[in-house]
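In: Test case, fold it:
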Amino acid sequence: MRRRSFLGLGVAGALGLLAASADASVGATHELKPKSAPYPAPNGKYTDSTVLVHVPSFFSVPESKKVDFVVHFHGHMTTAKAAIAAHKLREQLEASRQNAVLVVPQGPVRAADGDFGKLMLKGGLARLLGEVRRQVPALRAAKQTGRVVLSAHSGGYRAAAACSEQGGVDVREIYLFDSLYGEVESFVRFVTDDPDHHKLVSYSVGGRPRELGAELASRLESRGVDVLRETGAKKVTRGELVDATAAFLFGHATHASATYEELALRDCLFASCLKGKGSRSWHKKRDAARAS
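Out: Numbering: from 1, shown residues only. All right, here's what the predicted structure looks like:
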């Protein structure tokens with residue numbers, strides 16, 4: 001069983017922080033144009049090299065000099081700038097109080113395309129996060145990339161799968177927000193390669209992500225992995241989400257709002273392997289439903 005300890009804000013406080021930081025005034029967001037951005041890429045048709053990096057207000061470089069990252073891959077027909085605002089990514093990280101840095105790379109610009117260019121190549125994510133460490137002033141004291149959590153909405157699943165297999169970093173957890181449209185075998189490998197340290201959460205509102213979620217859950221169970229499922233009115237508890245290796249959650253949001261309507265990313269971060277001040281209240285109520 002994983003060991004996780006958290007202190008700090010309660011649920012009410014986290015909700016208040018989300019509302020208070022809706023203008024992204026908490027923490028610092030940097031717009032970078034690193035050479036290792038997804039684009040431009042050889043034979044790629046996109047040229048926007050934007051990578052958004054949010055350093056939370058409470059962040060400090062750990063004594064280990066290793067920086068933990070949350071990397072989010074946006075879906076189709078949007079941009080990194082639109083996604084970071086619309087999905088309240090910064091606000092949810094701030095509310096979780098985890099000592100990690102958010103990175104949102106620009107993929108295909110407003111296109112029905114999930115190819116994240118150079119990040120799909122071997123070592124691509126390691127190169128990007130290395131540049132982020134060197135370019136963001138608050139991170140320059142860091143020497144290494146630490147634990148990495150991957151988050152994907154909709155068509156971002158392809159980049160999450162590629163980076164989990166050949167990103168060249170220590171990917172510990174993957175969150176798929178109505179995003180399981182394929183790459184099932186990649187996600188099976190991710191979980192089963194190290195079930196004691198790897199974790200996958202699939203949050204679906206219906207359709208193909210839910211269908212493939214059932215398939216992925218069955219395949220993991222056939223490999224001896226304990227799988228956590230929400231069914232009907234039954235909600236996974238906070239304690240169960242903390243301890244899960246593979247969790248399949250049924251959301252009441254829409255496809256467009258799957259990442260934030262029920263504060264799904266925030267709750268995944270509360271329950272994650274990341275180290276931070278967390279929420280004493282959220283974790284104290286281990287038997288409460290995750291979305292309550």
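
In: When you work out contacts or count neighbours from here on, use the C-alpha atoms and nothing else.
Out: Fine.

In: hang on, A160 in a strand?
Out: No - secondary structure of A160 (DSSP: H, G, I helix; E, B strand; the rest coil): helix, not part of a strand.

In: Could you check how far V104 is from R280?
Out: The spacing between V104 and R280, counted by C-alpha to C-alpha, to the nearest Å, is 28 Å.

In: higher neighbour count, these two?
Out: V104 (23 against 15; other C-alpha atoms under 10 Å).

In: all strands of the protein, in order?
Out: Counting by DSSP state E, the chain has strands at residues 28-32, 51-55, 66-73, 100-105, 144-153, 170-177, 199-204, 227-229, 246-250.

In: Please convert the ones you listed to JSON lines, extending it with distance to G123.
Out: Formatted as JSON lines, those follow (distance: least, C-alpha to C-alpha, whole Å):
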{"stretch": "strand 28-32", "distance to G123": "19"}
{"stretch": "strand 51-55", "distance to G123": "17"}
{"stretch": "strand 66-73", "distance to G123": "15"}
{"stretch": "strand 100-105", "distance to G123": "15"}
{"stretch": "strand 144-153", "distance to G123": "13"}
{"stretch": "strand 170-177", "distance to G123": "11"}
{"stretch": "strand 199-204", "distance to G123": "21"}
{"stretch": "strand 227-229", "distance to G123": "30"}
{"stretch": "strand 246-250", "distance to G123": "25"}
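
In: what is the orientation angle of the helix ranked longest in the chain with strand 246-250?
Out: If you go by DSSP state H, the chain has its longest helix at helix 207-222. Using axes from the mean of the first three to the mean of the last three C-alpha atoms, to 10 degrees, the direction of helix 207-222 lies 150 degrees away from that of strand 246-250.

In: Could you dump the strands of the chain into JSON lines with mean pLDDT added?
Out: Shown next, in JSON lines, are the strands of the chain (pLDDT from 0 to 100):
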{"stretch": "strand 28-32", "mean pLDDT": "97"}
{"stretch": "strand 51-55", "mean pLDDT": "98"}
{"stretch": "strand 66-73", "mean pLDDT": "98"}
{"stretch": "strand 100-105", "mean pLDDT": "98"}
{"stretch": "strand 144-153", "mean pLDDT": "98"}
{"stretch": "strand 170-177", "mean pLDDT": "98"}
{"stretch": "strand 199-204", "mean pLDDT": "98"}
{"stretch": "strand 227-229", "mean pLDDT": "96"}
{"stretch": "strand 246-250", "mean pLDDT": "96"}
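
In: Helices of the chain, start to end?
Out: Counting by DSSP H, the helices of the chain are 11-20, 80-86, 89-96, 124-135, 157-166, 184-193, 207-222, 238-243, 264-270, 280-284.

In: roughly how far apart are the residue in the chain sticking out farthest from the centre and A160?
Out: Each residue of the chain has a distance to the centre, and by C-alpha atoms, centre = their mean the biggest one is for N43: 28.0 Å. N43 sits 21 Å away from A160, going by C-alpha to C-alpha.

In: and if you look at T254?
Out: Counting by C-alpha to C-alpha, the gap from T254 to A160 is 21 Å.

In: More neighbours: which of the two?
Out: Taking other C-alpha under 10 Å, T254 and A160 do not tie; A160 has more neighbours (30 against 14).

In: check contacts around Y181.
Out: By C-alpha atoms under 8 Å, 6 or more residues apart in numbering, the residues touching Y181 are 154-155, 157, 208-209, 212.

In: Can you add neighbour count and pLDDT and give those back as JSON lines?
Out: Compiled in JSON lines, those are given as follows (neighbours: other C-alpha atoms under 10 Å; pLDDT from 0 to 100):
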{"residue": "S154", "neighbour count": "23", "pLDDT": "98"}
{"residue": "G155", "neighbour count": "24", "pLDDT": "98"}
{"residue": "Y157", "neighbour count": "30", "pLDDT": "98"}
{"residue": "R208", "neighbour count": "15", "pLDDT": "97"}
{"residue": "P209", "neighbour count": "21", "pLDDT": "98"}
{"residue": "L212", "neighbour count": "19", "pLDDT": "98"}
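
In: Can you tell me which of those is nearest L265?
Out: Using C-alpha to C-alpha, the shortest approach to L265 within the contacts of Y181 belongs to S154, at 13.9 Å.

In: Would you mind confirming that that closest one is in contact with H76?
Out: Yes - counting by C-alpha atoms under 8 Å, S154 touches H76, with 6.9 Å between them.

In: any residues touching stretch 230-245, and which ones?
Out: By C-alpha under 8 Å, 6+ apart, the list of residues contacting stretch 230-245 reads 1-2, 4, 191, 195-196, 198-200, 225-229, 247-250, 268, 270-272, 282-283, 285-291.
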